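K.L.:
dropping the sequence and predicted coords here.
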Amino acid sequence: MSIQVAPEIEADIQERVERGPYPDADAVIKEALRALDARERKETLRALIQEGLDEAARGELIEMDDDFWPSIMREADEEDRLGTPIPDHVKP
């Protein structure tokens, strides 16, 4: 793949290669993509947390009794058996 970037972005990338720990432009771009992934993951987690807070404010809570974790484990086992993909926000 070949990409074309504006001259100021190219200059910024080159400057980072010259002064920093990046061996080449690919390493700079790879780091930038990692940062974007981290930011997107953080935004997703914030939205999910807000969703949970909103549900709690509406009284939509689940009792964490003795059946709670076995129920979660059964559900996870069933999703694994069915090949249901694990959402990114659940992965470590």
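P.N.:
Good, I have the coordinates. Numbering: from 1, shown residues only.

K.L.:
only C-alpha atoms from now on, for both contacts and neighbour counts.
P.N.:
Fine.

K.L.:
so Y22: helix, strand or coil?
P.N.:
coil (DSSP: H, G, I helix; E, B strand; the rest coil).

K.L.:
same thing with G52?
P.N.:
Relying on three-state DSSP, one would call G52 helix.

K.L.:
so what's it up against?
P.N.:
Residues near G52 by CA atoms under 8 Å, 6 or more residues apart in numbering: none.

K.L.:
ok, 10 Å please
P.N.:
Residues in contact with G52 (CA atoms under 10 Å, 6 or more residues apart in numbering) are 46, 58, 60-61.

K.L.:
how far off centre is the host helix or strand of L33?
P.N.:
When elements are assigned from DSSP states H and E, L33 belongs to helix 25-57. Distance of helix 25-57 from its chain centroid, counting by CA atoms, centre = their mean, to the nearest Å, is 5 Å.

K.L.:
rewinding a little: could you dump the contacts of G52 into JSON lines and include distance to R81 and neighbour count?
P.N.:
Shown next, in JSON lines, are the contacts of G52 (distance: CA to CA, whole Å; neighbours: other CA atoms under 10 Å):
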{"residue": "R46", "distance to R81": "29", "neighbour count": "12"}
{"residue": "R58", "distance to R81": "33", "neighbour count": "9"}
{"residue": "E60", "distance to R81": "29", "neighbour count": "11"}
{"residue": "L61", "distance to R81": "28", "neighbour count": "11"}
